[in-house]
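Participant: from the sequence below, what's the structure:
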Amino acid sequence: MCIDISFHSDIQLTRDAFPGLIDKSSVQLSPEFSEQIFGIVFPPYNVIAGTENGLELLSMEWGVVPSWIKDPVEIKKRRMKMLNIQSERIYDDKKSVWYRIKKNKILIPVDGIFEHREIKGWKKKVPYYVRPNGSNPFYIPGLYQELEMVDEDGVVHTSQSFGLITRPANTKMCNIHNSGDNKHRMPLFTGFEMSQAWVSKSLQENEAKEILSYEIPDDDLECHSVYSIRGNAHRPDGKHKYDPWDWPGLPPLGDDIALSPQKNLF
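Facilitator: Numbers count the residues shown, from 1 in each chain. Here you go, the predicted model:
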């Protein structure tokens, strides 16, 4: 499950990559906040949506709202499971919310994603930073939902929330995302041309399915271990969360047996 992303580059790079992009965003992300964005707090985020007016940069909340649930506590629990969208369900599971909103396509501007790797014999999992080679930023396909909601004062407003599409992992990501209920999955990493096609008005269903089935080659992904992802632990070297950190005794990918006991870094 991908619930930690990083977007620390200038949003102007995204505007330049999509000429004619209509900026209707209302969220300005601070560099400190956007080094690591944690999905389960349902943060507001800027995404690119294909609309009747063209491509628009819109602010939405991460985590699709389960509209069929009324209890606020249950909504939050279910919503935590709707941060990610399994690519296999968008066209094949006709009873799912993903099938219902399959035409509401977006792109999520990202500089990298974070994932944890389990090492046998180590208490703490090792955090990794992953991104396609040479892409700065890149764009992960997603879907969004639009709802009319009534607030506590009885005022009707439009709510937009989105999910990030995932697919079965390639070998490199299987070796990183190697534990947990949603192990061996990864975001739908695509090249820039595929990203452009995903939000194109002319995209046909068969073309969308081809994009959803794309598996990025191992060699096209770069990754490195980092110091920490969540929490307030400050790196001893003062560098960014996404900068490399050397974990002593860390075995190479594909070998999860520790070379030495894990040192307590915190």
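Participant: give the buried residues for stretch 221-238.
Facilitator: 221, 223, 226-229 (16 or more other CB atoms under 10 Å). The way it works is simple: take the backbone N, C-alpha and C, and place the C-beta from them, glycine included.
Participant: can you pull out the residues in contact with it?
Facilitator: With contact meaning CB atoms under 8 Å, 6 or more residues apart in numbering, stretch 221-238 is reached by 4, 36, 38, 114, 116-117, 126-133, 170, 172-173, 176, 189, 241-247, 250, 265-266.
Participant: in the buried residues of stretch 221-238, find the pair that's most separated.
Facilitator: The largest separation in the buried residues of stretch 221-238, counting by CB to CB, is between Leu221 and Ser228 at 21.3 Å.
Participant: helices of the stretch 151-266 of the chain, start to end?
Facilitator: 171-176, 192-198, 205-212 (DSSP state H, counting those that start in this stretch).
Participant: for the protein, what helix or strand is lowest in average pLDDT?
Facilitator: When each helix and strand of the chain is scored by mean pLDDT, DSSP states H and E, helix 31-34 comes last, with a mean of 78.
Participant: just to revisit the earlier point, now, the contacts of stretch 221-238 that are in strands?
Facilitator: Within the contacts of stretch 221-238, membership in strands is found for 4, 38, 114, 116-117, 126-132, as judged by DSSP state E.
Participant: out of these, which are buried?
Facilitator: Neighbour counting with 16+ other CB under 10 Å marks 4, 114, 116-117, 126-132 as buried within the ones in strands among the contacts of stretch 221-238.
Participant: Val130 contacts Ile176, correct?
Facilitator: Yes: applying CB atoms under 8 Å, one finds Val130 in contact with Ile176, separated by 6.8 Å.
Participant: intersection of neighbour lists for those two?
Facilitator: Taking CB under 8 Å, 6+ apart as the contact rule, Val130 and Ile176 both touch 115, 223.
Participant: distance of Gly254 relative to Ile176?
Facilitator: Look at Gly254 and Ile176: by CB to CB, to the nearest Å, they are 10 Å apart.
Participant: which one of those two has more residues nearby?
Facilitator: Comparing Gly254 with Ile176 by other CB atoms under 10 Å, the one with more neighbours is Ile176, at 22 against 10.
Participant: from Ile229, how far out is the more buried one?
Facilitator: 13 Å.
Participant: name the residues contacting each of those two.
Facilitator: Joint contacts of Ile176 and Ile229 (CB under 8 Å, 6+ apart) are His116.
Participant: quick one: contacts for the closest residue to Lys125 other than its chain neighbours?
Facilitator: Closest residue to Lys125 in three dimensions, ignoring its sequence neighbours and counting by CB to CB, 6 or more residues apart in numbering: His116, at 3.9 Å. Residues near His116 by CB under 8 Å, 6+ apart: 125-128, 176-177, 179-180, 229.
Participant: confirm Met149 sits in a strand?
Facilitator: Yes: under DSSP: H, G, I helix; E, B strand; the rest coil, Met149 falls within a strand.
Participant: leaving out the residues flanking it, which one is nearest to it?
Facilitator: Met149 sits nearest to Ser159 (CB to CB, 6+ apart), 4.7 Å away.
Participant: what is the burial count for the one you found?
Facilitator: Counted with other CB under 10 Å, residues neighbouring Ser159 total 14.
Participant: also the one 10 residues further on?
Facilitator: Residue neighbour count, defined by other CB under 10 Å, stands at 20 for Ala169.
Participant: quick one: it from Ile5, how far?
Facilitator: Note on Ala169: its distance to Ile5, by CB to CB, is 16 Å.
Participant: same deal with Ala197?
Facilitator: Counting by CB to CB, the gap from Ala197 to Ile5 is 22 Å.
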